[in-house]
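Asker: have a look; sequence and predicted model below, questions after that.
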Amino acid sequence: MTELLTAAQMRSLETAAIESGEVTGLELMERAGRGVVEAVFEEWPAYRNAPQSVAILCGPGNNGGDGFVVARLLYGKGWQVGVFLCGDPEKLPPDAKTNYELWVADGPVAELSEKALRAMPYTLYIDALFGTGLTRPLEGAAKDVISHMAGRNGDDFSDALICIDAPSGLCTDSGRIVGSDSSGFANDINRFAKLTVAFDSPKAGHFIGHGPGLCGKLVVKDIGLQNWRCFQPSKNAKPGSRPFVLRDGKAVGILRPQMLELIGPDRLVDDIRYRYQPGWPWDSLGKAGWGNHKYSHGHALILSGGAGKTGAARLAARGALRIGAGVVTLGVPPVAQMEVAGQITALMLRRIEDASALTAVLADKRITALCLGPGMGIDQRGEALVKAALEARGFHPPYEGRSVVLDADALTLISQDEALFGMLHERCILTPHAGEFARLFPDIAAKLTAPAVSGPAYSKVDATREAAKRAGCVVLFKGPDTVIAAPSGACRISSAHYARAAPWLATAGSGDVLAGFITGLLARGFAPMQAAETAAWLHVDCALAFGPGLIAEDLPETLPAVLRALEV
Ligand SMILES: NC(=O)C1=CN([C@@H]2O[C@H](COP(=O)(O)OP(=O)(O)OC[C@H]3O[C@@H](n4cnc5c(N)ncnc54)[C@H](O)[C@@H]3O)[C@@H](O)[C@H]2O)[C@@H](O)CC1
Ligand SMILES: Nc1ncnc2c1ncn2[C@@H]1O[C@H](COP(=O)(O)OP(=O)(O)O)[C@@H](O)[C@H]1O
Ligand SMILES: [K+]
């Protein structure tokens, strides 16, 4: 697990550090510049002993200040350095001004323009125009130069460009390009940089929207702010509760850095770690210590569609079984009974013709989780099934109420019927992809797809949080940047980017398996938020473990090896 910060949180952290008197802003800027130089040599080790040429594009704020530090440090190592400034040096903030003056003792500063930049080629280019302080669209010379660097004139700088903190123009909270009419929804923009060097922590915008596509490789450099990060183990953490303990700023145990937590803007000085909560059943992923018969691991019921449409539910059911639900039953309409019976073995089969049959089956209190939607159909039968499922709350110790995953067709049905939507309760999980999300929450989706006119821009995190609050349940908004939010505002990003890139997951049926994973964990007693985030993370882990060529059927079959590797 890695904490992602917003720009405002990063500023509070820096302010807290500076106000403590233990470090100055100038020292932080020096460390940031040093971090960039280190990252350059890590990426291009051959340049360590072979100085090159570099163009450094400096902006009017502290991002530009970092650029002047890099200029000075590389010049000191024998590099040929061209420095271009956008803005008035007299108006630079104090630390940036100091570094500007230090640089001016070494070399000239040219006014930033596309023409000046094109006067000679450089081996590397450093974008120090704007970082976390971007508030409005790029304009003038900055806009010209950034669009030139992005290939407007047919040149490709993407293998030679290093961004300090962020590609300039990117909103570090939302991963959206401020001022562009691109929604930041789809990954339809080419890579901008080879490397982006962030400080202390990644920002949310590095992982959602266009952020991951533009940043290239993301490197995070420590600038010594740990003491202001509340990293001490939680008072509640039991010895041995490994998933929740952070050491040296890194999580240990099964919540690895890949599970990214996004924290609320108001929680910085409170407790920004993943909080240990007694009773969370992480350690039971491998079933240890969790009862001794199949029903003590829960019973999941997954409803199937009719003849010829049973594949999606079978995939979900297989996922639920592999993730450890003790019993998984497929609820099948009579017309599909033969089709399903011929395909399954460990799964159980129940004839569920209509809503009244479902209500009767749900009288069995041992059914602890339910999944509706994959292949279900959006006809009257489907609608009645969703209603019956939402009515039959059941009892599920230690929580009141049976958990219900609503995916695919079930989402379409609740988007068409306000009364059904109003029946959602705190044990539901909605798992929309972007299209389903827009059907369910059209006004929220419109905010997300409207051009970002200023920063911080409305983000997928904002949208998912707002949706969860409105629905009154957990919403898992799918995509390579899956965002999971609870009505309380708790939010996680499960990112399949950078080292976790798993484009093979974009394959038919993988969403059905995810719904099954979530249902299986819910059946076993995971709370909705825990079930959603754990399932999303294991889903990507399975795709990574299997690799290219993955089809949805492979996901549940890869899970045992993934669980084994976790030593759960
Ligand atoms: N916060 C921290 O802890 C640290 C910050 N550092 C650097 O400081 C950066 C943040 O510095 P700042 O807050 O000064 O912000 P930036 O340097 O990102 O830019 C902000 C300045 O540009 C103006 N501005 C915003 N959008 C503009 C636009 N489209 N066109 C023209 N001007 C625009 C703002 O009014 C402000 O003056 C970080 O990205 C990082 O590079 C580092 O020095 C390390 C420590
Ligand atoms: N490029 C990608 N990288 C990683 N995961 C992806 C990518 N595209 C889609 N996914 C994931 O694949 C799954 C697709 O689900 P969904 O859209 O419901 O498809 P289906 O209905 O065919 O199963 C989701 O979990 C989504 O997060
Ligand atoms: K930048």
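Answerer: Structure's in. What do you need? Numbers count the residues shown, from 1 in each chain. Ligands and ions are numbered 1, 2, ... in the order given.

Asker: flag every residue of this protein that's near ligand 2.
Answerer: Counting by Cβ under 6 Å from any ligand atom, the residues of the chain lying close to ligand 2 are 408, 433, 478-480, 482, 496, 502-503, 505-506, 508-512, 514, 539. Where C-beta positions appear, they are placed from N, C-alpha and C, glycine not excepted.

Asker: could you redo the last one with a cut-off of 5 Å?
Answerer: Contact residues (Cβ under 5 Å from any ligand atom) of the chain with ligand 2: 433, 478, 480, 482, 496, 502-503, 505-506, 508-512, 514.

Asker: how close does whatever residue of the stretch 301-450 of the chain ends up closest to ligand 3 get to Thr359?
Answerer: Residue of the stretch 301-450 of the chain nearest ligand 3, by Cβ to the ion: Leu448 (24.0 Å). Per Cβ to Cβ, to the nearest Å, Leu448 is found 37 Å from Thr359.

Asker: distance between stretch 159-177 and the chain's centre?
Answerer: Relative to its chain's centre, stretch 159-177 lies at 17 Å (Cα atoms, centre = their mean, to the nearest Å).

Asker: which residue does the stretch 351-500 of the chain have closest to ligand 1?
Answerer: Here the residue of the stretch 351-500 of the chain nearest ligand 1 is Gly455; by Cβ to the nearest ligand atom that distance is 7.1 Å.

Asker: wait, isn't that residue in contact with Ser168?
Answerer: No: if you go by Cβ atoms under 8 Å, Gly455 and Ser168 don't touch, sitting 11.6 Å apart.

Asker: circling back to that earlier point, count of residues packed around the closest residue to the residue of the stretch 351-500 of the chain closest to ligand 1 other than its chain neighbours?
Answerer: Spatially, and ignoring its direct neighbours in sequence, Gly455 is nearest to Cys171 (4.3 Å; Cβ to Cβ, 6 or more residues apart in numbering). For Cys171, the count of nearby residues is 30 (other Cβ atoms under 10 Å).

Asker: tell me the contacts of Cys171?
Answerer: Applying Cβ atoms under 8 Å, 6 or more residues apart in numbering to Cys171 gives the contacts Leu134, Ile177, Val178, Gly205, Ala452, Gly455, Pro456, Ala457, Ser459.

Asker: identify the residue with the minimum pLDDT among those residues.
Answerer: Across the contacts of Cys171, the bottom pLDDT score, 87, is held by Gly455.

Asker: who's in contact with that residue?
Answerer: So Gly455 contacts Ala7, Leu134, Thr135, Arg136, Cys171, Asp173, Ser174, Val178 (Cβ under 8 Å, 6+ apart).

Asker: now do it against Thr6, distance only.
Answerer: As judged by Cβ to Cβ, Gly455 and Thr6 stand 11 Å apart.

Asker: can you pull the residues that touch both of those two?
Answerer: Joint contacts of Gly455 and Thr6 (Cβ under 8 Å, 6+ apart) are Asp173.

Asker: how's this structure carved up into domains?
Answerer: 2-229, 293-566 (automatic domain parsing).

Asker: would you mind listing what in the stretch 101-250 of the chain touches ligand 3?
Answerer: Within reach of ligand 3 by Cβ under 5 Å from the ion, the stretch 101-250 of the chain has these residues: Asp127, Gly131, Cys163, Ile164, Ser168.

Asker: tell me the pLDDT of the last one.
Answerer: Read it as Ser168. The per-residue pLDDT of Ser168 was computed as 97.

Asker: that one belongs to a helix?
Answerer: No: read with DSSP: H, G, I helix; E, B strand; the rest coil, Ser168 is coil and lies in no helix.

Asker: does it touch Asp144 like I think?
Answerer: No: counting by Cβ under 8 Å, Ser168 stays clear of Asp144, with 11.9 Å between them.

Asker: ok, back up a step: Leu448 and Thr359 - which one has more neighbours?
Answerer: Leu448 (26 against 17).

Asker: in three-state terms, label the more buried one for me.
Answerer: Relying on three-state DSSP, one would call Leu448 helix.

Asker: just checking, it touches Tyr458?
Answerer: Yes: counting by Cβ under 8 Å, Tyr458 is a contact partner of Leu448 at 6.1 Å.

Asker: and the gap between the closest residue to ligand 2 within the stretch 401-550 of the chain and ligand 1?
Answerer: Closest residue of the stretch 401-550 of the chain to ligand 2, Cβ to the nearest ligand atom: Gly511 (2.2 Å). Remark: distance between Gly511 and ligand 1 (Cβ to the nearest ligand atom, to the nearest Å) = 36 Å.

Asker: would you confirm that that residue belongs to a strand?
Answerer: No: read with three-state DSSP, Gly511 is helix and lies in no strand.

Asker: for it, report the pLDDT, please.
Answerer: 98.

Asker: can you list the weak-confidence ranges in the stretch 301-450 of the chain?
Answerer: 394-401 (pLDDT under 70).

Asker: hang on, the earlier thing: skipping adjacent residues, who's closest to the residue of the stretch 301-450 of the chain closest to ligand 3 in space?
Answerer: With Cβ to Cβ, 6+ apart, the residue lying closest to Leu448 is Ala463, at 4.7 Å.

Asker: pretty sure the one you found contacts Thr449?
Answerer: No: using Cβ under 8 Å, Ala463 makes no contact with Thr449, being 9.7 Å away.

Asker: more neighbours: these two, which one.
Answerer: Using other Cβ under 10 Å as the criterion, Ala463 and Thr449 rank with Ala463 on top: 24 against 17.

Asker: got the residues of this protein near ligand 3?
Answerer: Asp127, Gly131, Cys163, Ile164, Ser168.

Asker: in strands, which of these fall?
Answerer: Taking DSSP state E, the ones among these that sit in strands are Asp127, Cys163, Ile164.

Asker: work out for me the element Leu214 sits within.
Answerer: Per DSSP states H and E, Leu214 falls inside helix 211-215.
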